[in-house]
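**Student:** could you look at this predicted model? Sequence included:
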Amino acid sequence: QVQLVESGGGLVQAGGSLSVSCAASGGTFSMYVIGWFRQAPGKEREFVAAISRSGANTYYADSVKGRFTISRVNAKNTVYLRMNSAKSEDTAVYYCAARIGGSMSSYYYSLNDYRYWGQGTQVTVSS
């Protein structure tokens, strides 16, 4: 059973930076494609970023492209999401999700592509 635990959320001022982490256990981490999603109050959960198993390929939602960076350290079973130039519209609960398998270069951006989910971490951007 794959378990994902997010951490690092909190309060950040608009224009500031914050990093959140996703630690995985219960399997072979290098077999997971990892995605970050977020859900703001009253809105549907939406894709933020994804990273391939090797870490060489990443994909971002247009709303965060150029501001957010997803990365992974397979030796630490951890994926990171660095948020720069934070905006009030980035306020949401951030979830990491895992999909096992696929090629080393594949990434996915649909909620339905991911089987395992963490509990989420709150990120609040104050203006």
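**Tutor:** Sure thing, it's come through. None of the values given here were measured: they were computed from a predicted structure. Residues are numbered from 1 along each chain as shown.
**Student:** all strands of the chain, in order?
**Tutor:** Assigned by DSSP state E, the strands in the chain fall at 3-7, 10-13, 18-25, 32-39, 46-51, 58-60, 68-73, 78-83, 92-100, 116-117, 121-126.
**Student:** and for the fourth one, what are the contacting residues?
**Tutor:** What it means is strand 32-39. For strand 32-39, the external contacting residues (CB atoms under 8 Å, 6 or more residues apart in numbering) are 2, 20, 22, 24, 45-53, 70, 72, 79, 81, 90, 92-102, 106-109, 111, 113-114, 120, 123. For the C-beta atoms, the positions are set from N, CA and C on the backbone; glycine is no exception.
**Student:** can you mark which positions in it are buried?
**Tutor:** Judged by neighbour count using 16 or more other CB atoms under 10 Å, the buried positions of strand 32-39 are Tyr32, Val33, Ile34, Gly35, Trp36, Phe37, Arg38.
**Student:** one step back: pipe the strands of the chain into a markdown table and attach mean pLDDT per row.
**Tutor:** Below are those laid out as a markdown table (pLDDT from 0 to 100):
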| stretch | mean pLDDT |
| --- | --- |
| strand 3-7 | 98 |
| strand 10-13 | 97 |
| strand 18-25 | 97 |
| strand 32-39 | 97 |
| strand 46-51 | 98 |
| strand 58-60 | 96 |
| strand 68-73 | 98 |
| strand 78-83 | 98 |
| strand 92-100 | 97 |
| strand 116-117 | 98 |
| strand 121-126 | 98 |
